[in-house]
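Enquirer: Can you look at this prediction? I've put the sequence above it.
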Amino acid sequence: MTASENGRWVLVSRVPAETSPTNRISCGWRLTNQSAEDVVVSFHLHSSQALLAELTCPAGRVQRGCFHGSASFEIGRGEAASVSAVLEPRAVGPLPVHIAVLSREETIERHEIVELEALDL
């Protein structure tokens, strides 16, 4: 689990460090609004080396493509919202996952790497 903080938001990531290339990869992000006002944000995910099988955000609207997706939602002051994704890797090796969370005032960007280990047969 990784956390980023920019004063207004706290972003916590749940992305596995490594897995088998035959496994679907479940990832999650939780964004907490620590500001004194409600904020509307856009969450963007991109991974060119894994298909984006699922993208969910109970608090907002989701759009999903083959390798990228986004969610738009509002977070009340002191509240949190979550985004979950399921990735289907296509090859062995490092799998970069790039996310960005944007509002009118601020941006948080994060690059995650999932190591896809070769199977011993």
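Expert: Received, thanks. None of these values were measured; they are calculated from a predicted model.

Enquirer: Could you point out which residue ranges in this protein have low pLDDT?
Expert: Applying pLDDT under 70 to the chain flags the ranges 1-6, 117-121.

Enquirer: show me the residues around Arg77 that make contact.
Expert: 33, 35-38 (C-beta atoms under 8 Å, 6 or more residues apart in numbering). All C-beta atoms are positioned from the backbone trio N, CA, C, and that covers glycine.

Enquirer: And those residues, which is closest to Cys66?
Expert: Cys66 lies nearest to Asn33 out of the contacts of Arg77, by C-beta to C-beta, at 30.7 Å.

Enquirer: Which residue is the nearest non-sequential neighbour of the closest one?
Expert: Ile75 (4.1 Å; C-beta to C-beta, 6 or more residues apart in numbering).

Enquirer: Identify the bridge partners of the one you found.
Expert: Per DSSP bridges, the residues bridged to Ile75 are Val39.

Enquirer: residue contacts, it?
Expert: So Ile75 contacts 31-33, 38-39, 41, 59, 81 (C-beta under 8 Å, 6+ apart).

Enquirer: Just send those back as JSON lines, with secondary structure, distance to Val12 and neighbour count too.
Expert: Output for the contacts of Ile75, formatted as JSON lines (DSSP: H, G, I helix; E, B strand; the rest coil; distance: C-beta to C-beta, whole Å; neighbours: other C-beta atoms under 10 Å):
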{"residue": "Leu31", "secondary structure": "strand", "distance to Val12": "8", "neighbour count": "22"}
{"residue": "Thr32", "secondary structure": "strand", "distance to Val12": "8", "neighbour count": "17"}
{"residue": "Asn33", "secondary structure": "strand", "distance to Val12": "13", "neighbour count": "21"}
{"residue": "Asp38", "secondary structure": "coil", "distance to Val12": "20", "neighbour count": "12"}
{"residue": "Val39", "secondary structure": "strand", "distance to Val12": "17", "neighbour count": "19"}
{"residue": "Val41", "secondary structure": "strand", "distance to Val12": "15", "neighbour count": "21"}
{"residue": "Ala59", "secondary structure": "coil", "distance to Val12": "15", "neighbour count": "16"}
{"residue": "Ala81", "secondary structure": "strand", "distance to Val12": "12", "neighbour count": "20"}
